[in-house]
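Enquirer: got a predicted structure plus its sequence, pasted below:
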Amino acid sequence: MTTTELVTFSRPAVVSTLAEVGLVLSETKALLAKLQGSMLCGQVAEYAAHHRACVGCGALQPLKDRRTRRLQTLFGTVEVEVPRFKACRCRQPVPMTGVTVSPVRALLSAHCTPEPERVQAELGARTSFRDGVRILEALLPVSPASHEGLRSRTHAIALQLEAADRQAAAEITAVRDDTAKAAAADERRPVVMLDGAYIRAVPGHQVRNFEAICGKVEREGQPTRRFALVRSVAKQPHALLRAALQDQGWREGDAVTAISDGDPALPALVRSATGGPVQLILDWFHLSMRVHHVEQVMGGLCAVEPPLAPLDHSQIDVERLRHLLWNGHHEKACEALGRITSWAKDAIVLNDTAMEARAKRLLARCTELRSYIETNEGALIDYGQRYRAGKPISTSRAEGTVNEMVSARMNKRRQMRWSPRGAHRVLQVRAAVLDGRFGHQAIQLAA
Ligand SMILES: [Zn+2]
């Protein structure tokens, strides 16, 4: 055991103001930097001493020279002494050829310890790269860094996370065909909720905005697993979702439920990730919004004073729409929409211009809803029944994911523009950070 004096604080024993109580940041930073330097150099010196003995005969190898190496840590960059030894005679093919050995080089395998890499990546995923640098410099005795440095750390960690996901996805094995187990698993089937978000592209990119797909995999009794990707730059987009499913206990052949907004690309991603049975559900929220549009126009028609024309059954039909769709009667909903549209067509011809505009709008909204129902026919369910069973029917939670993953970091209000690759990488780290699986995984990877 050794004792080293690191820093000296001079403080009044009896303080007179609140500011004098306890340590202050500048002192703490100095203390941490000194402590880190002292501890690290001591450890490296011990390591060198320990490895000085020849592995062949155990004799101490003579010291040749000492070089210095700089090692970045979370508590400052430390200059370490790296001794080199003359290789023991017994280890040399031809005696006295001057072969040197440097055991410390094997220990200091990188310019940076794993922890600052992880902390920088986490900051880069949470806030802008510039702010991340400011936060680090404000609180820790780190050496001055650049936002480019923070960005490249974040990207490097993202690549590791993505590679780990691809590996996990490749290693998923099929479940044995066991019907009892399958039935039990059915009750706790993972639900994938997907949604898209647009991100502003950097100038010079071929498009103004590009899409990121965000989602969550939920399974009863498990913490949520997030995932996100920019399809055009993800190496294997489906592998990222596959790894998320695997994290939730899914195995090849297990059924999956997917809720999305009717964009056919989203269920396609789920299908390619699972390669097995997928139950598609059209998100109730998006369906309900379209019903709402019809209801609004109808409300406007009913409110016209004096009433311009007999609304016949249309008003009742519109009132029933929501109920029909909620209970899974989408064919009846389509019939009702057919009656409303034919009424609207008549109304356009028969009535005056004020009525005509409204009827045209009703016609447009109904046609829109009908084609939405028809394109997503296979994904319409009895929402009421599912809702009463306590199962999710909406991607509103996936939309929450979009907000926390994309909007909070890549928002247009922040005037941020992204390259698809940069956005994709930050999203990998951000998903891991928000899930709380980041620290553990990243340290393992960097080791
Ligand atoms: Zn020897």
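Expert: Arrived safely. Residues are numbered from 1 along each chain as shown.
Enquirer: for the stretch 51-200 of the chain, just list every one of the strands.
Expert: 63-73, 76-86, 100-101, 191-200 (DSSP state E, counting those that start in this stretch).
Enquirer: distance between the third one and the chain's centre?
Expert: In this view, strand 100-101 has its centroid 46 Å away from the chain centroid, taken as Cα atoms, centre = their mean, to the nearest Å.
Enquirer: can you check the last one too?
Expert: Strand 191-200 has its C-alpha centroid displaced from the chain centroid by 11 Å (Cα atoms, centre = their mean).
Enquirer: with stretch 235-247 instead?
Expert: Centre to centre, stretch against its chain (Cα atoms, centre = their mean), the figure for stretch 235-247 is 12 Å.
Enquirer: residues in contact with that stretch?
Expert: Counting by Cβ atoms under 8 Å, 6 or more residues apart in numbering, the neighbours of stretch 235-247 from elsewhere in the structure are 162, 164-166, 168-170, 172, 190, 192, 213, 215, 217, 225-227, 229, 231, 234, 256, 269-270, 272-274, 428, 437. No exception for glycine: its C-beta is placed from N, CA and C like everyone else's.
Enquirer: cool, stretch 218-228 as well?
Expert: Surrounding stretch 218-228, the residues in contact under the criterion Cβ under 8 Å, 6+ apart are 187-191, 193, 212-217, 240-241, 243-244, 247-250, 392, 397, 401, 405-406, 427-428, 430-431, 434-437.
Enquirer: in that stretch, what counts as buried?
Expert: If you call a residue buried by 16 or more other Cβ atoms under 10 Å, then stretch 218-228 has these buried ones: 218-219, 224-228.
Enquirer: got the end-to-end distance for it?
Expert: Taking Cα to Cα, to the nearest Å as the measure, stretch 218-228 stretches 15 Å from start to finish.
Enquirer: which neighbouring elements make contact with the longest helix seen in the chain?
Expert: Of all segments of type helix in the chain, defined using DSSP state H, the longest is helix 25-50. Packing contacts for helix 25-50, counted by 3 or more Cβ pairs under 8 Å, 6 or more residues apart in numbering; DSSP states H and E, involve strand 63-73, strand 76-86, helix 103-107.
Enquirer: so for residue 379, which of those sits nearest?
Expert: Closest approach to residue 379 among those is made by strand 63-73 (51.3 Å; Cβ to Cβ).
Enquirer: show me what the closest one is packed up against.
Expert: If you count contacts as 3+ Cβ pairs under 8 Å, 6+ apart, strand 63-73 packs onto helix 25-50, strand 76-86, helix 114-126.
Enquirer: just name the most buried of the helices and strands packed on helix 25-50.
Expert: For the helices and strands packed on helix 25-50, the stretch with the most neighbours on average is strand 76-86, a mean of 18; neighbours defined as mean count of other Cβ atoms under 10 Å.
Enquirer: export it as PDB, just CAs?
Expert: Extracted as PDB, the C-alpha positions of strand 76-86 are listed here (Å, rounded to 0.1, in the frame of the first residue of the first chain):
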ATOM      1  CA  GLY A  76      -8.900  13.200 -18.000                       C
ATOM      2  CA  THR A  77      -6.200  12.100 -20.400                       C
ATOM      3  CA  VAL A  78      -3.400  10.400 -18.500                       C
ATOM      4  CA  GLU A  79       0.200  10.100 -19.700                       C
ATOM      5  CA  VAL A  80       1.400   6.700 -18.700                       C
ATOM      6  CA  GLU A  81       4.900   5.400 -18.600                       C
ATOM      7  CA  VAL A  82       5.300   2.200 -20.700                       C
ATOM      8  CA  PRO A  83       8.600   0.400 -19.800                       C
ATOM      9  CA  ARG A  84      10.100  -1.900 -22.400                       C
ATOM     10  CA  PHE A  85      12.300  -4.800 -21.500                       C
ATOM     11  CA  LYS A  86      15.100  -6.500 -23.200                       C
END
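Enquirer: by contact count, what packs against it?
Expert: For strand 76-86, the packing partners by 3+ Cβ pairs under 8 Å, 6+ apart come out as helix 25-50, strand 63-73, strand 100-101, helix 103-107.
Enquirer: any chance of TSV for those, columns mean pLDDT and distance to the ion?
Expert: Shown next, in TSV, are the helices and strands packed on strand 76-86 (pLDDT from 0 to 100; distance: least, Cβ to the ion, whole Å):
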stretch	mean pLDDT	distance to the ion
helix 25-50	93	16
strand 63-73	92	15
strand 100-101	86	11
helix 103-107	90	14
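Enquirer: so which of the ones you listed gets nearest residue 148?
Expert: Between residue 148 and the helices and strands packed on strand 76-86, the tightest spacing by Cβ to Cβ is seen for strand 63-73, at 15.1 Å.
Enquirer: that older thread, point out the ones among the contacts of stretch 218-228 that are inside helices.
Expert: Assigned to helices by DSSP H, the following of the contacts of stretch 218-228 qualify: 187, 240-241, 243-244, 247, 397, 401, 427-428, 430-431, 434-435.
Enquirer: just put these in TSV and tack on neighbour count.
Expert: Formatted as TSV, the ones in helices among the contacts of stretch 218-228 follow (neighbours: other Cβ atoms under 10 Å):
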residue	neighbour count
187	7
240	28
241	29
243	25
244	26
247	19
397	16
401	23
427	29
428	27
430	28
431	28
434	18
435	17
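Enquirer: can I get these in TSV including pLDDT and distance to residue 19?
Expert: TSV is the format used below for the ones in helices among the contacts of stretch 218-228 (pLDDT from 0 to 100; distance: Cβ to Cβ, whole Å):
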residue	pLDDT	distance to residue 19
187	65	60
240	94	50
241	93	53
243	92	50
244	93	49
247	89	48
397	63	46
401	75	44
427	94	43
428	94	43
430	93	38
431	93	42
434	90	37
435	90	40
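Enquirer: and the residue of the stretch 201-350 of the chain found nearest the ion, which of the three is it?
Expert: Proximity to the ion, evaluated over the stretch 201-350 of the chain using Cβ to the ion, is greatest for residue 235 at 48.3 Å. Taking DSSP: H, G, I helix; E, B strand; the rest coil as the rule, one finds residue 235 in the coil state.
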